[in-house]
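Visitor: below: sequence and its predicted model.
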Amino acid sequence: MSFLYRSTRNENETATASEAILKGLAENGGLFVPDEIPELDVPFEDLAEMDYKDVAYEVMSRMLTDFTEEELRYCIDNAYDDKFDTEKIAPVKYHHGAYILELFHGKTIAFKDMALSILPYLLTTAAKKNNVDKEIVILTATSGDTGKAALAGFSDVPGTKIAVFYPKNGVSPIQEKQMVTEKGKNTFVAGITGNFDDAQTGVKKMFSDKELAKLLDEKGYQFSSANSINIGRLVPQMVYYVYAYTRLIAAGTIKAGDRINVVVPTGNFGNILAAYYASLMGLPVGRFICASNDNKVLYDFFTTGVYDRNRDFILTSSPSMDILISSNLERLIYRIAGNDAEKNAELMKSLSETGKYEITDEMQKNLYGFYGNFATQDEVSEIIRKLYDEDGYIIDTHTAVAVSVYDKFKAETGDDTPTIIASTASPYKFTRSVVTAIEPSLNDKEDFELVDELYKLSAVKVPAAIDEIRTAPVLHDTVCEKEEMEAVVKKFLGI
């Protein structure tokens, strides 16, 4: 069954799956969404006997309908290989009364690897399918993890270049070192003197600049995105929720058809939206528990129906979630508005012009499956220490936000449904916050000394991604104002 993708802001703009992946963003800033969500018509018992690659094929083949089996299996086989440090790709472990889905076993030790390992293959395959003869320029804003995962995925991939912007003072030291030491000859990294929302707004502005698009076309380039605004990022993320569910079936923890809850630490809303899309395919999810940090714009939205970014931007110990404009929420807004592009465009215009919008009572009723809450930085430190004391298991700060919110959800609702918690990064990416939560007296040590302290505490091998950057030279030292982003991209491209 084949279907098209459609812009959330213009019902007349459509694309095939491969075209949507190539474009990244629709015209007028809209996002591509599937016209329909197909049923996952393979019994869960059968999926429980498959490995990650085969589950990925079953899910993705139903969403990316203009890719042939040969093309899709080529992409999957090349993505989920020994770049991951476990054959399971995304293991599930039981701690603190929940099932922790470890999504950080890829090359850059964050969940972004799950999608950004395959996106370069999807993109280059899509380019061939659509007879694209231009060089593809990946333009990406990052709050910390997408940047390095995208750089690693696209490094030296023929026919592509990649430019990444990050908030200069808004990522962890290790996140920054991972990005600025990137060796790929087709890569460019710049810090901006602003926050993630500034970087994301600047990238979207370049995407919608018709004069810039014309200039790129003349010079043999075209933009695409590695952010989760690209449907090629979102679809692979649906896979690991189905995979985790079927691992619980394989372990005898649940039976096929039993409901689960899902907890996701959320900033840009892509990861939890992937779980929601998986549920629309047939994954039995009861509640989508949206966990925020002190930048609790999503918690306030689910509580009041008002999305309002007019507030102080707070730098926290979970920087990948320090976001006030959650781009992927637009896909959910479009759906709860009855797939009404005109209504959605009106709300997004209000967000752009006034910094806020309010959904109708009817739309709010359609959010019944979602629950929002948040964790403060003190609560994050407390839960990291608590899990370590319970059984020696160490989580990063973002996963700690999710676990803290899960505890609040259970206390508030009494809901003891088996629950999967998305663990989105290795604790080695946030060593200072993690180690000092467990042992505050170590705070005076250097960041890479804390890596060794974390090894002593956890007995988990230091990931190659960390060892590689200990002494790696800085290769990218550009810092620019947010107004200069277009100029530095042009300089990178030599136009």
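Guide: Now that the structure is in, tell me what you want to look at.
Visitor: going by C-alpha atoms from here, please, whenever you check contacts or count neighbours.
Guide: Fine.
Visitor: name the SS class of the closest residue to Asp415 other than its chain neighbours, please.
Guide: Leaving out its chain neighbours, the residue that sits closest to Asp415 by Cα to Cα, 6 or more residues apart in numbering is Phe409, at 7.7 Å. Taking DSSP: H, G, I helix; E, B strand; the rest coil as the rule, one finds Phe409 in the helix state.
Visitor: return the residues in contact with Phe409.
Guide: Shown in contact with Phe409 (Cα atoms under 8 Å, 6 or more residues apart in numbering): 289, 373, 415.
Visitor: just the buried ones from those residues, in ChimeraX syntax?
Guide: The buried residues among those can be selected in ChimeraX (16 or more other Cα atoms under 10 Å) with this line:
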select :289,373
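Visitor: now do the strands in the stretch 301-450 of the chain.
Guide: Using DSSP state E, counting those that start in this stretch, the strands of the stretch 301-450 of the chain run over 306-308, 356-358, 370-374, 419-423.
Visitor: contacts for the second one next, please.
Guide: Meaning strand 356-358. 305-310, 347-348, 350-351.
Visitor: recalculate using a threshold of 10 Å.
Guide: For strand 356-358, the surrounding residues in contact (Cα atoms under 10 Å, 6 or more residues apart in numbering) are 301, 304-310, 325, 346-351, 364.
Visitor: how far does it sit from the chain's center?
Guide: 24 Å (Cα atoms, centre = their mean, to the nearest Å).
Visitor: check the last one too.
Guide: Relative to the mean C-alpha coordinate of its chain, strand 419-423 is positioned 15 Å out (Cα atoms, centre = their mean).
Visitor: other SSEs contacting that strand?
Guide: Here strand 419-423 touches strand 92-95, strand 98-102, helix 231-250, strand 260-265, strand 285-292, helix 397-413, going by 3 or more Cα pairs under 10 Å, 6 or more residues apart in numbering; DSSP states H and E.
Visitor: repeat that for the first one.
Guide: Counting contacts by 3+ Cα pairs under 10 Å, 6+ apart, the secondary-structure elements packed against strand 306-308 are helix 297-304, helix 341-354, strand 356-358.
Visitor: circling back to that earlier point, list just the nearest of the contacts of Phe409 to Lys23.
Guide: Proximity of these to Lys23 (Cα to Cα) peaks at Ile289, which lies at 30.8 Å.
Visitor: surely the closest one and Val401 touch.
Guide: No. In this structure Ile289 lies outside contact range of Val401 using Cα atoms under 10 Å: 11.4 Å.
Visitor: now do the shared contacts for those two.
Guide: Contact criterion Cα under 10 Å, 6+ apart; residues shared by Ile289 and Val401: 263-266, 373.
Visitor: next, Glu176: phi, psi?
Guide: Backbone dihedrals for Glu176, given as degrees, to the nearest 10, come out at phi -60, psi -50.
Visitor: list the contacts for it?
Guide: Contacts for Glu176 (Cα under 10 Å, 6+ apart) come out as 144-145, 147-148, 166-170, 189, 191.
Visitor: could you give me the PyMOL syntax to select whichever of the residues you listed are buried?
Guide: PyMOL command restricting those to the buried ones, with burial defined by 16+ other Cα under 10 Å:
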select buried, resi 144+145+147+148+166+167+168+170+189+191
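Visitor: widest-spaced pair of the contacts of Glu176?
Guide: Using Cα to Cα, the two most remote members of the contacts of Glu176 are Lys148 and Asn169, lying 16.1 Å apart.
Visitor: which residues sit in contact with the residue lying farthest from the centre of the chain?
Guide: What lies farthest from the middle of the chain is Ser441; by Cα atoms, centre = their mean that is 33.3 Å. With contacts defined as Cα under 10 Å, 6+ apart, Ser441 is in contact with Val435.
Visitor: how much space is there between it and Ser318?
Guide: Distance of Ser441 to Ser318, given as Cα to Cα, to the nearest Å: 21 Å.
Visitor: I'd like the mean pLDDT over stretch 336-344, please.
Guide: Computed over stretch 336-344, the mean pLDDT rounds to 97.
Visitor: so for that stretch, what gets flagged as buried?
Guide: 336-337, 339-341, 343-344.
Visitor: repeat for stretch 488-495
Guide: 488-489, 492-493.
Visitor: centre of the chain versus it, how much separation?
Guide: Centre-to-centre, stretch 488-495 and its host chain are 27 Å apart (Cα atoms, centre = their mean).
Visitor: my guess is Phe32 meets Arg331, correct?
Guide: Yes. Phe32 is in contact with Arg331 according to Cα under 10 Å; the separation is 8.2 Å.
Visitor: between these two, which one's more packed in?
Guide: Taking neighbours as other Cα atoms under 10 Å, Phe32 and Arg331 compare with Phe32 leading, 29 against 22.
Visitor: can I get stretch 284-303 in CSV, CA atoms only?
Guide: Output in CSV follows, covering the C-alpha atoms of stretch 284-303 (Å, rounded to 0.1, in the frame of the first residue of the first chain):
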residue,chain,number,x,y,z
PRO,A,284,-0.5,-1.0,22.5
VAL,A,285,0.5,2.1,24.5
GLY,A,286,-1.7,3.3,27.3
ARG,A,287,0.0,6.5,28.3
PHE,A,288,2.7,8.7,26.7
ILE,A,289,4.5,10.2,29.7
CYS,A,290,6.3,13.4,28.5
ALA,A,291,9.2,14.2,30.9
SER,A,292,10.5,17.8,30.9
ASN,A,293,13.3,19.6,32.8
ASP,A,294,13.1,23.1,34.2
ASN,A,295,12.3,24.3,30.7
LYS,A,296,8.8,22.9,31.2
VAL,A,297,7.0,24.4,28.2
LEU,A,298,5.6,21.0,27.3
TYR,A,299,4.4,20.3,30.8
ASP,A,300,2.6,23.6,30.9
PHE,A,301,1.1,22.9,27.4
PHE,A,302,-0.3,19.5,28.4
THR,A,303,-1.7,21.0,31.6
